[in-house]
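What follows is a predicted structure for the sequence shown.
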Amino acid sequence: MNEKIKLIYISGIGRSGSTLIDLIISTDPKVFSVGEIYKFNKIKKENIPCNCGKNFSNCSFWKDFYYSKYKIKNRINLIDYIKTINFIFNPFIKKINFRKKSQNYSLLKKIKEKTSSKYILDSSKDIARLIELDSNPFIEVYNISIIREAEEVANSFSSRKNKNKKNYFISLLKWNFINYIIVKYLKKRDYSKNLVIDYEEFCKNPKKGISSIEDFLQIKIPKEYVKKIRSMEHHGLAQNRISQKEKRKKFEGISLKQYNKKRSTVKKLLEKLLTYPSSKIKEKLK
Ligand SMILES: [Zn+2]
């Protein structure tokens, strides 16, 4: 008999605060974060460091996985997205047949055996991966979707500080596309297993946001979560730098940092046009 695995999944477009939410949830020992596990094959191949500071092959948690043969497929590619869209909009399609299958269950089972935590937390974000995980009857997925303002996400993607700098307007289009799919897909899911976080609201009122997460997952975030984040053990993979051990020691808590809102009229007009199709996304999800 296969045992059901409880998995918390964080979905959304990049640059939306998923790492922050991951760290907060990870303060409860009932949760074990694996970070962006969909990059598993790449992480293994390049022996990328874990959040604990050690390389994958030397990390006390992951070293046993270094010679393992699990295949986890990264779904961020055009073909899989076309299939995803077809699945969401075509009522005759009951499931997606991804070209290359991931061994999600066996990998998660092995992870579960090594931890005593109730939940595994997967912050991969990719919506196609959420659909893939949902299709496995032995994985019980608690999905948390994070929506951050389109202009903020696009600013972050196009920031000069970003190693893989992306075009601002292309990022706005991507924001529309991904969040539109998320909105559509969440309506197909069991409502009790969805939680939507408005990133800006969350940062303005963390107490309220944290309590909605606690209710959703039946967990307890300690009052001194900032201190806990600074010192806890965390073996998340391939996440934003703020989750790395040395960075976490300086974690200052939740605050809303916004990009400069002063933009030219032309830029503002273009923005309006590009975000028009989904300008009500946040409202739609409430
Ligand atoms: Zn580690």
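Cool, got the structure.

Export the helix or strand containing Ser145 to PDB, keeping only CA atoms.
Counting by DSSP states H and E, the element that carries Ser145 is strand 139-147. Taking C-alpha atoms only, strand 139-147 is exported to PDB below (Å, rounded to 0.1, in the frame of the first residue of the first chain):
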ATOM      1  CA  ILE A 139       0.300  13.000  -3.100                       C
ATOM      2  CA  GLU A 140      -2.000  15.300  -1.200                       C
ATOM      3  CA  VAL A 141      -1.100  18.800  -2.300                       C
ATOM      4  CA  TYR A 142      -1.800  21.900  -0.200                       C
ATOM      5  CA  ASN A 143      -1.300  24.700  -2.700                       C
ATOM      6  CA  ILE A 144      -0.300  28.300  -1.700                       C
ATOM      7  CA  SER A 145      -0.400  30.700  -4.700                       C
ATOM      8  CA  ILE A 146       1.400  34.000  -4.200                       C
ATOM      9  CA  ILE A 147       0.300  37.000  -6.300                       C
END
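
helices or strands next to it in the packing?
Secondary structure elements in contact with strand 139-147, counted by 3 or more CB pairs under 8 Å, 6 or more residues apart in numbering; DSSP states H and E, are strand 5-11, helix 18-25, helix 104-114, helix 127-134, helix 168-188, strand 194-198, helix 206-217. From N, CA and C alone the C-beta is placed, and that goes for glycine too.

so how far is the ion from Ile181?
Here Ile181 is placed at a distance of 32 Å from the ion (CB to the ion, to the nearest Å).

related to what we said a few turns ago, helix 168-188 and whichever helix or strand comes after the strand holding Ser145, what's the angle between them?
Toward the C-terminus, strand 139-147 is succeeded by helix 150-157 as the next helix or strand (DSSP H and E). An angle of 120 degrees separates the directions of helix 150-157 and helix 168-188 when computed by axes from the mean of the first three to the mean of the last three CA atoms, to 10 degrees.

rewinding a little: now do the strand holding Ser145: everything it contacts.
Outside strand 139-147, the residues that touch it by CB atoms under 8 Å, 6 or more residues apart in numbering are 4-12, 16-18, 21, 104-105, 108, 119, 130, 133-134, 179, 182, 186, 189, 193-199, 213, 216-217, 281-282, 285.

Just the buried subset of those residues, please.
A residue is treated as buried here by neighbour count (16 or more other CB atoms under 10 Å); on that basis the buried members of these are 5-12, 16-18, 21, 104, 108, 119, 130, 133-134, 179, 182, 186, 194-199, 213, 216-217, 281-282, 285.

Name the nearest residue to Lys100, sequence neighbours excluded.
With CB to CB, 6 or more residues apart in numbering as the measure, Lys73 is the residue that lies nearest to Lys100, at 4.8 Å, once sequence neighbours are left out.

To clarify, my last question referred to Asn41.
Once its chain neighbours are removed from consideration, Asn41 has its nearest residue in Ile72; the separation is 6.0 Å (CB to CB, 6+ apart).

and that neighbour, what does it touch?
The contact partners of Ile72, taken as CB under 8 Å, 6+ apart, are 37-41, 102-104, 107.

next one: Cys50
Listed by CB under 8 Å, 6+ apart, the contact set of Cys50 reads 56, 59, 61-62, 235-237.

Determine which two of those are furthest apart.
Among the contacts of Cys50, the pair separated by the greatest distance (CB to CB) is Phe56 and Gly236, at 11.9 Å.

neighbours around the residue of the stretch 101-250 of the chain found nearest the ion, how many?
Of the stretch 101-250 of the chain, the residue with the smallest distance to the ion, taken as CB to the ion, is His235 at 3.7 Å. With neighbours defined by other CB atoms under 10 Å, the count for His235 comes to 21.

what kind of secondary structure is it in?
Three-state secondary structure (criterion: DSSP: H, G, I helix; E, B strand; the rest coil) places His235 in coil.

Just give the nearest non-adjacent residue to it, would you?
With CB to CB, 6+ apart as the measure, Phe61 is the residue that lies nearest to His235, at 4.4 Å, once sequence neighbours are left out.
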